[in-house]
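K.L.:
pasted the sequence and its predicted model underneath.
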Amino acid sequence: MEIIHLREEYIKLGQALKAAGLVDSGVEAKIVIQNGEVKVNGETDDRRGRKLFDGDIVSYNGKEIKIEK
């Protein structure tokens, strides 16, 4: 599981996918999110701008990202 440490109060979903290296670009992040391939805390989320906070877990393509302060 990849861990992303927050520098601010939150990180957006598309930014988190890029920061973890699960996508190569913001455009790719937008596509996989809009296609319903990304889950946040076990539920599909199609909002690229979804704010992620401490404790959130993102799943994509068999990998997970945990958001921590």
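P.N.:
Happy to help now that I have it. Numbering: from 1, shown residues only.
K.L.:
direction included, what does the longest strand along the chain pair against?
P.N.:
Longest strand in the chain, counting residues (DSSP state E): strand 63-68. Sheet partners assigned to strand 63-68 using DSSP bridges are listed as strand 2-5 (parallel), strand 57-60 (antiparallel).
K.L.:
so where do the strands sit in the protein?
P.N.:
Using DSSP E, strands in the chain cover 2-5, 11-12, 38-40, 43-44, 51-52, 57-60, 63-68.
K.L.:
JSON lines please, covering the ones you listed and showing distance to Ser25 and mean neighbour count.
P.N.:
Backbone N, C-alpha and C define where each C-beta goes, glycine included. Shown next, in JSON lines, are the strands of the chain (distance: least, CB to CB, whole Å; neighbours: other CB atoms under 10 Å):
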{"stretch": "strand 2-5", "distance to Ser25": "17", "mean neighbour count": "13"}
{"stretch": "strand 11-12", "distance to Ser25": "14", "mean neighbour count": "19"}
{"stretch": "strand 38-40", "distance to Ser25": "15", "mean neighbour count": "20"}
{"stretch": "strand 43-44", "distance to Ser25": "21", "mean neighbour count": "10"}
{"stretch": "strand 51-52", "distance to Ser25": "19", "mean neighbour count": "17"}
{"stretch": "strand 57-60", "distance to Ser25": "14", "mean neighbour count": "19"}
{"stretch": "strand 63-68", "distance to Ser25": "17", "mean neighbour count": "16"}
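K.L.:
make a markdown table out of those strands and add distance to Leu22 and mean pLDDT.
P.N.:
A markdown table is the format used below for these (distance: least, CB to CB, whole Å; pLDDT from 0 to 100):
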| stretch | distance to Leu22 | mean pLDDT |
| --- | --- | --- |
| strand 2-5 | 8 | 95 |
| strand 11-12 | 13 | 97 |
| strand 38-40 | 9 | 97 |
| strand 43-44 | 16 | 97 |
| strand 51-52 | 13 | 98 |
| strand 57-60 | 5 | 98 |
| strand 63-68 | 6 | 97 |
